[in-house]
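Q: Following is a predicted model, sequence given first.
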Amino acid sequence: MRSYDLHYGRRPTIRVEYIIPPDALAQGVHEFVIESSCNGMFSIPWNGDTIAPPDMNRYFSLASADLVVPNMDAWGLLWDFQTLTELVDTLPGTTPLQNKALTAANAIMNASNKGDPSSIRQARKIAEGVFGAGWENKGADVYKEGGKKSNVWGKYWAPYSVTQQKVARSWATQVDLMERYPEHRFACSSAQQYKWVEELYPPLFERVKAKILSGQFQPNGGPRAENDANMPSGEVLIRQFLFGQRYFESRFGKRCETVWLPDSFGLTGGLPQIIWGSGIKYFFTQKLSWNGINTFPHSTFNWVGIDGTQVLCHMTPVDTYTAQATVGDVNKGLTNHKNLESSDTSLLVFGNGDGGGGPLAKMLENLGLTSMLPPVNMGHSVDEFFEHLEGDCQEGGKLPNWYEICMGYFHRGTYTSHGSIKKGNMHSEILLRDVEHIATLASLYRLQKQDYVYPKEEIDECWEKVLLNQFLPGSAISNWLFSGMVYNDAEKLYAEIKKQALDSGSKIVGYNTTPFPRWDIIKIPLSGANAGLKSQVMQASDDMREGYAIMESSPCGPRELRKPSNELHARLLPVSADAFEGGITSLIDVKLKRELIPEGATGGLIIFGDCPNYWDAWGECIMRMLKYIASKLRSLLRSPMCRSYLHAAVKAQIKHGQSTFGSTAGEILVDGDGSRSLFNFDAVVDWHQRHEFLKCMSRIHTRAPHVYTTLVEIPLVIHNDNATYETQSGYVQRPTHKNTTWDIAKFEICEHKYTDLSEFGYGVAILSESKYGFSCIGNMLRISLLRSATAPDAEQDQGKCSLGWGTIGYSLNHMVVGRGKYERGTLMWKMFSQEPQ
């Protein structure tokens, strides 16, 4: 069974045909099923806008359905005339082809007679004067004609499908088109889609496999899913390629050679080395053309990663991955190419994307009609396009280089929207890394007893759930969308991962999974604790429900609780958290006796207006970020939770509008042997704002007056033209000023666990346990904590959530910051059912 979509309800992409199979004609009987789904790309918007929240009470009715035998000459005339009008509209009036097309279109109108079917053939003969005599009968050979100077290569793309059914329908359609148009080449980049079809539609999978062997259906991309490339960690990006390439090789006998990420809202600078390490040579993307402030300057270039690894990259000059194969699309592939001095070849990416479906027969007919402008080269794979490109540009020697991150300066709001998904992603990545570490060490236990088996299948299953959801962290879309991939389903998968990874047992054992020695304060529930455990508690909370103890360990080793002693007490320096009143008026590095916040200035929680021009849940407008709604959130109730040489904490209750914040500031001990001064901030938020943006702000001393009017001139403590941000497999530096439009566009970037502002001898970093949007302008460090978009999900992030971040000062080097982010991110607790060996 094949079905065709009335795609998005937009007339140019409508599907109205169902081709009766030839064997059904011979049998005389044919059964088929009509499936109806009444929604657009983003559900059913209540007001007709593409991204508005859905109207759950809207109903549709099927008015008519007809079985017809089409007049194929009439259909051909429709395509001829549409292409002629596109030539007239696209080409300059001074070109011979534009005038020829205009004359032919007028002649067809004059020759057409509604009551005379023979006039259709007469009109088509007039069109042949432009397209060439008998061009339709040449089939795929039409692409062999024309000049050789310039080529636009055709490639069809179906994006990550929203359901298994959508994959099956799209692929069945494309296999049918391959049989009708031998030059047709279709590619899919997600190994997960192949697995769905293999498991749910075995006959279709065999048909697809046959087309793969014939070279018409091309697996590409490499990753398990067509993943976001901003938020997954370096470890998980490697897993994407490992699981994806393993699947392709096991099913089809070969690995992918081209990475296909046209819709990722930015690309980490750590990706080129991962691409090369996966045996892949080429990279295709497109979303950078959406940049809101600056135009990305290249179409074909060498992308150089943070370690110096480079990969050949192409970004289609057509500036879309859902082109309709019109004359304008084909022409733009040449006229918008930004590197014609190096290569005149470009890739036309056409077909119905986002909601899936792929190309229509009409699009293939269009390309046959426009094969002369410029010459369109069909019947080749994406890999063959890149091989041609590689030879044409002397293996990249003629191309410009682009260094570090290919940042998407548009959909920054996705770093923060749907915070629970971001937390599930980061926590699951860290948890599975630690579980693998522990499980690998536990394998040594088999040297003594043979009853332990490494849980590879269970761990792989957890990884596959994380990889499947890697499409989600970079998007912010409604819970009504994507059956099988909605956010509540994603949260369910994350909960399953946590449950599987942290199966309960009877004894608490600490283990340090980081490569650094650890010295940490841990909380121990005092209720039910035995006398031996209580004897190791060095401090109790004011309500006596929790105790605090010190756990110390060597790198990658078991952790032990330190017993209280006079020697240990002597090594601890006093701490204070009295200055916390919701806003932060004082932040002191006790060990170095250094105040970090200027006198009279205040850091802490701040709320901005949040009204992007469009793409509500995705967008973030720099001009809107200049509007302070609440620059200082002050506490209604402040109370100390505990106060001692070991751990001090103050809790503040804050209210803003309909929202409340319960924020706790806790200062961790300072040890005389080199431990870090670390302030932890934890908040429970009941969020009910609309179009407002909650951020955490820390303002540090600078040499010069700050540009904001809220700050007066103060003496210097820290100044640097660049701040440092952790990224996958390394770090990048970004300017703290706005000298150029490229600097302005970096007002917020995607970071993973820390952002650091430092100068020679001292620095301050802000740490995150689940947030990705960071910025540093002047001396201001910021984390984006919560947004409140209303489209397409009207209830995005509404209700209660928990947040956490930290601040660390240091006087050594960036290794201390790295150590801080590791310790913040990978504290491993495991409940074992027996004594560790």
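A: Nice, thanks for sending it over.
Q: Surely residue 359 is in contact with residue 350?
A: Yes - between residue 359 and residue 350 a contact is recorded at 6.1 Å, counting by CB atoms under 8 Å. No exception for glycine: its C-beta is placed from N, CA and C like everyone else's.
Q: Check for me that residue 97 belongs to a helix.
A: Yes - under DSSP: H, G, I helix; E, B strand; the rest coil, residue 97 sits within a helix.
Q: mind listing what it touches?
A: Contacts for residue 97 were tallied using CB atoms under 8 Å, 6 or more residues apart in numbering; they are 87, 91, 130, 372-373.
Q: So which of the residues you listed is the closest to residue 452?
A: Nearest to residue 452 among the contacts of residue 97, counting by CB to CB, is residue 373 at 67.3 Å.
Q: What distance do you get for that closest one to residue 83?
A: As judged by CB to CB, to the nearest Å, residue 373 and residue 83 stand 10 Å apart.
Q: who wins for most neighbours among the contacts of residue 97?
A: residue 87 (27 neighbours; other CB atoms under 10 Å).
Q: Was I right to think that one contacts residue 98?
A: Yes - the pair residue 87 / residue 98 is scored as a contact, 6.2 Å apart, by CB under 8 Å.
Q: Now do the phi/psi pair for residue 725.
A: For residue 725, the backbone dihedrals are phi -120, psi 130 (criterion: degrees, to the nearest 10).
Q: That one pairs with what?
A: residue 732, residue 755 (DSSP bridges).
Q: Tell me the pLDDT of it.
A: The score at residue 725 is 92. That number is its pLDDT.
Q: Next, the contact list for it, please.
A: 731-734, 749, 751, 754-756, 774.
Q: change it to 6 Å
A: 732, 751, 755 (CB atoms under 6 Å, 6 or more residues apart in numbering).
Q: Would you quantify the distance from residue 735 to residue 721?
A: Separation of residue 735 from residue 721 (CB to CB): 6 Å.
Q: Looking at these two, which is more packed in?
A: Neighbours of residue 735 and residue 721, each counted by other CB under 10 Å, are more numerous for residue 735; the result is 17 against 10.
Q: just the helices in the stretch 501-650 of the chain please.
A: 531-534, 566-570 (DSSP state H, counting those that start in this stretch).
Q: typo on my end, the stretch 251-400 of the chain
A: Using DSSP H, counting those that start in this stretch, helices in the stretch 251-400 of the chain cover 271-277, 327-335, 361-369, 382-392.
Q: worst average pLDDT in those?
A: Looking at those, the bottom one is helix 361-369 with a mean of 88.
Q: and that helix, how far from the chain's centre?
A: 33 Å (CA atoms, centre = their mean, to the nearest Å).
Q: before we move on, what about stretch 679-689?
A: The chain centre lies 25 Å from the centre of stretch 679-689; the measure is CA atoms, centre = their mean.
Q: mind listing what's buried in that stretch?
A: 679-683, 685, 687, 689 (16 or more other CB atoms under 10 Å).
Q: got the CA positions of that stretch in PDB?
A: Extracted in PDB, the C-alpha atoms of stretch 679-689 (Å, rounded to 0.1, in the frame of the first residue of the first chain):
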ATOM      1  CA  PHE A 679      29.600  28.100  45.400                       C
ATOM      2  CA  ASN A 680      26.600  25.900  44.400                       C
ATOM      3  CA  PHE A 681      23.200  27.400  43.700                       C
ATOM      4  CA  ASP A 682      20.100  25.300  43.600                       C
ATOM      5  CA  ALA A 683      16.600  26.500  42.800                       C
ATOM      6  CA  VAL A 684      13.200  25.100  42.700                       C
ATOM      7  CA  VAL A 685      11.000  27.300  40.400                       C
ATOM      8  CA  ASP A 686       7.300  27.400  40.000                       C
ATOM      9  CA  TRP A 687       7.300  29.200  36.600                       C
ATOM     10  CA  HIS A 688       4.100  30.800  35.200                       C
ATOM     11  CA  GLN A 689       5.500  33.700  33.100                       C
END
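Q: which outside residues touch that stretch?
A: So stretch 679-689 is contacted by 657-667, 786, 788, 797, 800-807 (CB under 6 Å, 6+ apart).
Q: Of these, grab the buried ones for PyMOL.
A: The PyMOL selection below is limited to those of the contacts of stretch 679-689 classed as buried (16+ other CB under 10 Å):
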select buried, resi 659+660+661+662+663+664+665+666+667+786+788+797+801+803+804+805+806+807
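Q: Sort out for me which of the contacts of stretch 679-689 are in strands.
A: When DSSP state E defines the strands, the subset of these inside them is 659-667, 786, 800-807.
Q: Could I get the average pLDDT for the helix or strand where residue 194 lies?
A: Assigned by DSSP states H and E, residue 194 falls within helix 191-200. The predicted model gives helix 191-200 an average pLDDT of 92.
Q: which other residues reach it?
A: 161, 164, 167, 204-205, 224-225, 244, 247.
Q: And those, which is closest to residue 69?
A: Nearest to residue 69 out of those is residue 204 (CB to CB; 27.1 Å).
Q: Just list the residues touching that closest one, thanks.
A: Counting by CB under 6 Å, 6+ apart, residue 204 makes contact with 168, 172, 197.
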